[in-house]
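**Q** Any chance you could fold what I've pasted below:
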Amino acid sequence: MVAQDQLVHLAAGLAAGLAVIGGGLGIGRLAAAALEASGRQPEAQADLRTTMIIAAALIEGVTLFAEVIAIIMALKP
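**A** Prediction:
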C-alpha cells in the first residue's frame, strides 16, 4: 500500500517536472519567434532582443515560482 507521504512527494516531483517542461517550451517558442522576426526585419534586432529577454525572465519567474510551490508542498508535514 502506498503511503500518503509518498503520493505527496510524487505529486510534488510531477509538478516541478511539468513546470520545467512548460518553461522550457515557452522559452524555446519565444526564441524561435524572435529569431524568425529578426530574420525578417534585421533593423529591429535591438528591440526584439530587449523584449525577448524581458519575456524570458517572466517565464523563468513563473517556472521558479511553480518549483518553489512544489518544494513547499513536498516539505509540508
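**Q** The residue most central in space within the chain and L58: what is the separation?
**A** What sits nearest the mean C-alpha location of the chain, by Cα atoms, centre = their mean, is G23, with 2.0 Å. Per Cβ to Cβ, to the nearest Å, G23 is found 10 Å from L58. Where C-beta positions appear, they are placed from N, C-alpha and C, glycine not excepted.
**Q** Now stretch 29-44: average pLDDT?
**A** The average pLDDT within stretch 29-44 is 94.
**Q** Just the helices from the chain, written as ranges.
**A** 4-40, 45-75 (DSSP state H).
**Q** List the contacts of the nearest residue to H9 once chain neighbours are set aside.
**A** Spatial nearest neighbour of H9, excluding adjacent residues (Cβ to Cβ, 6 or more residues apart in numbering): A74 at 5.3 Å. Neighbour list for A74: V8, H9, A12, G13 [criterion: Cβ atoms under 8 Å, 6 or more residues apart in numbering].
**Q** low-confidence ranges in the protein?
**A** Residue ranges of the chain with pLDDT under 70: 1, 77.
**Q** go with 90
**A** Counting by pLDDT under 90, the ranges of the chain that qualify are 1-9, 73-77.
**Q** returning to what we had before: what's near enough to touch the residue nearest to the centre of the chain?
**A** By Cβ under 8 Å, 6+ apart, G23 lies in contact with I59, E60, V62, T63.
**Q** Just give me the neighbour total for the first one.
**A** I59 is surrounded by 18 other residues when neighbours are defined as other Cβ atoms under 10 Å.
**Q** ok, and the closest non-adjacent residue to it?
**A** G26 (4.6 Å).
**Q** wait, doesn't that neighbour sit right on L58?
**A** No. Taking contacts as Cβ atoms under 8 Å, G26 lies outside contact range of L58: 9.3 Å.
**Q** Compare the two (neighbour count), which wins?
**A** Applying other Cβ under 10 Å to G26 and L58 shows that G26 carries more neighbours, namely 17 against 12.
**Q** Now do the more buried one against G61, distance only.
**A** 11 Å.
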